[in-house]
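Peer 1: just to be clear, the model below is a prediction. Sequence and coordinates:
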Amino acid sequence: MKKIIVLGGTGFVGTHVCEKLVRGGWQVTVPTRRASNAKAVMHLPGLTVQELDVHNEAALAHVAAGHDALVNLVAILHGTQAAFEHVHVALPQKIAHACLAAGVGQVVHVSALGADSLQPTLAPSMYLRTKGEGEAVLVQAAMGGSAGDVAQAGFDLSILRPSVIFGEGDKFLNLFAKLQQVLPMLPLAGAAARFQPVWVQDVATAVVRCLAGASAQSSPRVIEAFGPEVFTLKELVQVSAQLSGVGGGMGRLVIPLPAWAGRLQATLMGMAPGEPLMSVDNLDSMKVDNVASGKQPGLDSLGITASALRPIAKQYLGRC
Ligand SMILES: NC(=O)c1ccc[n+]([C@@H]2O[C@H](COP(=O)([O-])OP(=O)(O)OC[C@H]3O[C@@H](n4cnc5c(N)ncnc54)[C@H](OP(=O)(O)O)[C@@H]3O)[C@@H](O)[C@H]2O)c1
C-alpha cells in the first residue's frame with residue numbers, strides 16, 4: 001500500500017482530500033498542530049493523525065521517511081509579512097528539503113489562482129506574492145536544483161491553483177448568508193472583484209488525479225482549478241441570499257463601497273480580535289480578478305468537468 005503525508009489534512013480541502021485518498025487505498029499520515037483539530041479525519045481507516053510542528057524541518061523529514069508522496073495544503077489568509085513568509089515560503093522550502101532527504105517521489109502543492117512562480121513580486125498582495133514564492137521554491141527543488149542549501153535529484157511536482165472554493169463548510173458563501181441573516185444591509189468592499197468558484201470535491205479529485213499521474217504534462221505541472229461560471233463578489237453575496245432564503249431569497253441591500261471606504265472597513269476589521277472577516281491584504285488580492293488566466297491547463301486536463309455552484313450550494317445553504 002502506498003503511503004502519503006497530507007499537510008493541512010485537517011482543513012476544509014484537506015478533509016475531502018484525505019477521504020478520497022483513503023478510498024483510493026492510500027495509507028495516509030496527517031500531521032497537525034493539535035490532534036483535536038483532526039476530528040473530521042481521525043476516524044478514516046488507514047489514516048494516522050500525528051501531532052507535529054511542521055515548521056520543524058528535522059521532525060518533518062523524520063515523518064516523511066518511508067512515504068511515497070506528500071500533499072501540502074497549509075496556508076493562512078491573514079497575517080503579517082513575516083507570518084505569510086513563514087507559512088507560504090519557508091514551509092515549502094522545508095517540505096522540499098524533507099522530501100529530497102527522505103526520497104519522497106511526488107509532491108502536490110495547493111497554491112492559489114493569481115500566484116505566479118515566475119514573477120511572484122508582481123502579485124498585488126502579501127498572500128499572493130508569498131504563494132508565488134513558495135511555488136518557486138518547490139519548482140526549483142523538483143527540477144533537481146537547490147532548495148536552499150540542498151542540491152539533489154528532484155521529485156514529481158504538481159501545483160494546483162484554485163479560485164475561491166465552495167462546498168459544505170466553506171468560508172465565503174456560508175459567511176455571506178449568515179451576515180445577511182443578522183444585518184439589515186451589507187456594505188461591501190471589492191464588490192466588483194471577479195471570481196470563478198470551484199467545488200471542493202473537484203479540487204480534492206484534482207489532487208488525487210495529480211498523484212495518479214492523470215495529467216499528460218511533465219513535471220513540474222501547474223493546473224488552474226476554476227468552476228464553469230464567473231461571479232462578481234456582489235453576485236456571490238446575492239446568490240448566497242437566494243440559495244439560503246434570506247429575506248425571502250431577495251437578500252439584503254448590498255452597498256458597494258468606494259475604494260477608500262473599503263480600505264477603511266478592511267483596516268478596522270483587521271484590527272478586531274480573532275480571525276478577521278476581511279483584511280487590507282484580502283482587499284489587495286482582489287485588485288486582480290480571480291479567474292482563469294488561460295495560460296495554464298484547467299481541471300479538464302485531469303479529466304474533471306468542473307461543477308456549477310448553484311445546484312451544490314443550494315443543498316448546504318438551504319440548511320443555514
Ligand atoms: N478555501 C479556499 O477558498 C481556497 C481558495 C484558493 C486556494 N486555497 C488553498 O487551498 C489550501 C487549503 O485551503 P483550506 O481552505 O482547506 O485551508 P484551511 O481549512 O484553513 O486549512 C489549512 C490547514 O493548514 C494548517 N495550518 C494553518 N495554519 C498553520 C500554521 N501557521 N502552521 C501550520 N499549519 C497550519 C491547519 O492544520 P492544523 O490546524 O491541523 O495544524 C489547517 O488544517 C491552501 O493552500 C489555500 O491557500 C483555498
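Peer 2: Sure, I can see it. Here the structure is a predicted model, which means the values were calculated and not measured. Numbering: from 1, shown residues only.

Peer 1: for the spatially most distant residue from the centre of the chain, report the pLDDT, please.
Peer 2: Distance to the chain centre peaks in the chain at Gly248, reaching 32.5 Å (criterion: C-alpha atoms, centre = their mean). Per-residue pLDDT puts Gly248 at 87.

Peer 1: same check, this time on Val13
Peer 2: 98.

Peer 1: that one: neighbour count?
Peer 2: 24 (other C-beta atoms under 10 Å). C-beta: built from backbone N, CA, C; applies to glycine.

Peer 1: go on, Glu51?
Peer 2: 12.

Peer 1: cool, and Gln181?
Peer 2: 14.

Peer 1: for Leu160, see how far away it is.
Peer 2: With distances taken as C-beta to C-beta, to the nearest Å, Gln181 is found 33 Å from Leu160.

Peer 1: how many neighbours does the closest residue to the ligand within the stretch 1-150 of the chain have?
Peer 2: Closest contact between the stretch 1-150 of the chain and the ligand, by C-beta to the nearest ligand atom, is at Gly11 (2.1 Å). Gly11 has 21 neighbouring residues, counting by other C-beta under 10 Å.

Peer 1: now the helix or strand harbouring Val203: average pLDDT?
Peer 2: Assigned by DSSP states H and E, Val203 belongs to helix 200-211. Helix 200-211 shows a mean pLDDT of 97.

Peer 1: and the following helix or strand past that helix, which strands flank it?
Peer 2: Downstream of helix 200-211, the first helix or strand assigned by DSSP H and E is strand 221-225. For strand 221-225, the paired strands and their directions (DSSP bridges) are strand 156-162 (parallel).

Peer 1: was I right about Pro184 contacting Arg252?
Peer 2: Yes: between Pro184 and Arg252 there is a contact under C-beta atoms under 8 Å: 6.4 Å.

Peer 1: so between those two, which is more surrounded?
Peer 2: Neighbour comparison, Pro184 and Arg252: the larger count goes to Arg252, with 19 against 8 (by other C-beta under 10 Å).

Peer 1: so the more buried one is in contact with Ala241, correct?
Peer 2: Yes: checked against C-beta under 8 Å, the pair Arg252 and Ala241 is within contact range at 6.9 Å.

Peer 1: any residues in contact with both of those two?
Peer 2: Here Arg252 and Ala241 have Gln180 as joint contacts, going by C-beta atoms under 8 Å, 6 or more residues apart in numbering.

Peer 1: mean confidence score for stretch 267-286?
Peer 2: 89.

Peer 1: I'd assumed the residue farthest from the centre of the chain was in a strand, is it?
Peer 2: No: read with DSSP: H, G, I helix; E, B strand; the rest coil, Gly248 is helix and lies in no strand.
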